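Peer 1: Coordinates for the following, if possible.
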Amino acid sequence: KITEPYELSLERFLTVCALCNNATIYQNQEGEWTASGDTTEIAMILAAMKADRSKEHFVNEQGLTFVYEFAFDSSRKRMTVVYKQSGSQYLVLSKGASTSILPLCDNVIVGGELKPLSEKFLSRVDDKVTELSSQGLRVLTAAMRIDEGQTDEYYKKAKSKKIEKSLTFLGLVGIIDPPRKGVEGAIATCK
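Peer 2: Numbering: from 1, shown residues only. Okay, here's the model as predicted:
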C-alpha cells in the first residue's frame, strides 16, 4: 500500500481516472476480479487502482462525496463530475477528447504550482496527442478545478458551460482501443 503522497499533478490526475467515470471493478466472493462498463473507463480505473488510488480510496479515506455528473455525449466529447471535498470545497473533474478539454484549460501544475498555459506548452501537448494517436491509442485529456463557496444545488442546477471552464490541465492518457465485436469478420469479408 502506498502511503507517501504523489506529486500534486499526478495525484489529481489519478483522482480524475478513479472518479470521472461510471465503470466498476470489484472482486467477487471467489476472489476473481470483474469489471463492467466502458472499456476506456475500466482502463482508467485500473491505472488508478495500480497506483493505490481507487474510487474507494477517494471516497472512504479522503471523504469525497459525489454531487453531480455532466454525462459524456458525442457533441461535447467529454464527461465532468463534481465531488464535494470538505466544507465548501468542490472538485470539478473532467476527461475527454483533447480538442474538447484543452480549450477549457487555463493553467497547468508545474513543480506543485499553478502556471498559465502557454502556446508552447499547448503545442507540445498537441504533438504528444498526435504521436499517441498515430500509435493507434485512444487519447484522453484529464483536467480539474477546485471551487470554493458553492453548494450542491448550484452544481445540480448549473449548465455544463458554466462549470466546465477555467480548468487545470493534468495530463494525457493513451489507451489501446481493442477491436469491437464483429470487426474480425468484417475485415475478412473485405479481403
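
Peer 1: Can you identify each of the strands in the protein by residue range?
Peer 2: When secondary structure is read from DSSP state E, the chain shows strands at 24-27, 33-36, 65-73, 78-86, 89-96, 105-110, 113-116, 137-148, 167-176.

Peer 1: Please identify the most buried of the ones you listed.
Peer 2: strand 89-96 (a mean of 23; mean count of other Cβ atoms under 10 Å). The way it works is simple: take the backbone N, C-alpha and C, and place the C-beta from them, glycine included.

Peer 1: Identify the spatial nearest neighbour of residue 84, chain neighbours not counted.
Peer 2: Take residue 84 and drop its neighbours on the chain: the residue closest to it by Cβ to Cβ, 6 or more residues apart in numbering is residue 65, 4.8 Å away.

Peer 1: Give me the pLDDT value at that neighbour.
Peer 2: With respect to pLDDT, residue 65 scores 95.

Peer 1: show me the residues around it that make contact.
Peer 2: Contacts were defined as Cβ atoms under 8 Å, 6 or more residues apart in numbering; by that measure residue 65 touches 59, 83-84.

Peer 1: So what sits opposite residue 66 in the bridge?
Peer 2: Residue 66 has these beta-bridge partners by DSSP bridges: residue 83.

Peer 1: Okay, now stretch 81-97: how far is its last residue from its first?
Peer 2: With Cα to Cα, to the nearest Å as the measure, stretch 81-97 spans 16 Å from end to end.

Peer 1: Give me the residues contacting the longest helix along the chain.
Peer 2: Ranked by residue count and defined by DSSP state H, the top helix of the chain is helix 119-134. Contacts with helix 119-134, where a contact means Cβ under 8 Å, 6+ apart, come from 98, 102, 108, 139, 141, 169, 172, 174.

Peer 1: Redo those residues as a markdown table? Include pLDDT and distance to residue 41.
Peer 2: Compiled in a markdown table, those are given as follows (pLDDT from 0 to 100; distance: Cβ to Cβ, whole Å):
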| residue | pLDDT | distance to residue 41 |
| --- | --- | --- |
| 98 | 95 | 17 |
| 102 | 96 | 20 |
| 108 | 93 | 24 |
| 139 | 95 | 15 |
| 141 | 97 | 15 |
| 169 | 96 | 20 |
| 172 | 95 | 16 |
| 174 | 93 | 15 |
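
Peer 1: Could you identify the most distant pair in those residues?
Peer 2: Maximum pairwise distance in the contacts of helix 119-134, criterion Cβ to Cβ, is 18.3 Å, between 108 and 174.

Peer 1: Count residues in the vicinity of residue 135, would you?
Peer 2: Counted by other Cβ atoms under 10 Å, the residues lying close to residue 135 total 10.
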